[in-house]
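>>> Any chance you could fold what I've pasted below:
(one chain, ligands or ions: 1)
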Amino acid sequence: MTTEFKQIFSQLRELQVMDSRIRQIDFELHEIPEQLEASGGEFLILDRSVKDKNSSLATMTQERQSLEQSVKEQQETINDREKRLYSIKTQKEYQATIKEIAQLKKDNKDKEERILALLEGAEKITAESTQLKSQAADKEGGYRQIESELKQKQSALEEEKTGLAERRPALLKALPAPLLKKYESVKQRYQDAVAAVKRGVCQGCNMNIPPQFYNEMLRAKDLRQCPTCYRLIYVDLETKEPVK
Ligand SMILES: [Zn+2]
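Here you go, the predicted structure:
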């Protein structure tokens, strides 16, 4: 192995280690939201229920306020019609106004019933929400602890990934373009693009390297591609056995 090749080889190995670390980091980062969800368990369920209750309360309050406004306006119309009754001249118009007043009163009564139902509902939901809030508060401490640990883990991983991404271009630049092209192309198929050959067997695909090819590799001590899986392979001399 020439000195130059040794250097290239060690840089390629470094790239491989870096790339698998980046992949590992991505995997761990991807898992964090799920871990957070799982560790939150009961607390998150309770907390979400409280939020749901609050949102129902807000909707109910809105509906009630709009009904109260409408009742108030209709009551003003009723008052107006009732005053007008005294100045009506014809029987027909009188009957029509009476009918209109009755209709408005009935409508307001329906609305008032709905307002009452909404008030009762809101009271019930408020009580439920208070109870849920206190249950959630009991569970919150444990969850926040895990949450803070996971957030710390996340930022440490992100920081490490940024560091690796910053160092990667320099490593790429140090490698010959054709080799890099091969590496990138093999990497699309396998996470471990560079594999050792031990005792004539490619450690990537576990297939035997043809004897002649292996002998050539032993003599040249360079980087080849496995005839079976096309990974970049090198002879691991420490486990080398005499060629048969
Ligand atoms: Zn192979």
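
>>> Can you tell me how far the nearest residue to Ile78 once chain neighbours are set aside is from the ion?
Spatial nearest neighbour of Ile78, excluding adjacent residues (C-beta to C-beta, 6 or more residues apart in numbering): Leu104 at 5.1 Å. Yep, even glycine has a C-beta here, placed from its N, CA and C like the rest. Distance check for Leu104 against the ion: by C-beta to the ion, to the nearest Å, it reads 88 Å.

>>> surely Leu104 meets Asn79?
No: in terms of C-beta atoms under 8 Å, Leu104 does not count as a neighbour of Asn79; the distance is 10.2 Å.

>>> Looking at the two, which one has more neighbours?
Comparing Leu104 with Asn79 by neighbour count (other C-beta atoms under 10 Å), the higher total belongs to Leu104, at 15 against 11.

>>> That one: what's it in contact with?
Contacts for Leu104 (C-beta atoms under 8 Å, 6 or more residues apart in numbering) come out as 74, 77-78, 81.

>>> quick one: it and Glu68, what's the gap?
Here the criterion is C-beta to C-beta, to the nearest Å. By it, Leu104 lies 16 Å from Glu68.

>>> center of this protein - which residue?
Pro33 (5.6 Å; C-alpha atoms, centre = their mean).

>>> the strands in this structure, which residues?
Along the chain, counting by DSSP state E, strands occupy 194-198, 201-202, 224-225, 232-235.

>>> Tell me which other helices or strands the least confident helix or strand in the chain by mean pLDDT touches.
With mean pLDDT, DSSP states H and E as the measure, the helix or strand of the chain carrying the lowest mean pLDDT is helix 211-220 (a mean of 87). Packing contacts for helix 211-220, counted by 3 or more C-beta pairs under 8 Å, 6 or more residues apart in numbering; DSSP states H and E, involve strand 224-225, strand 232-235.
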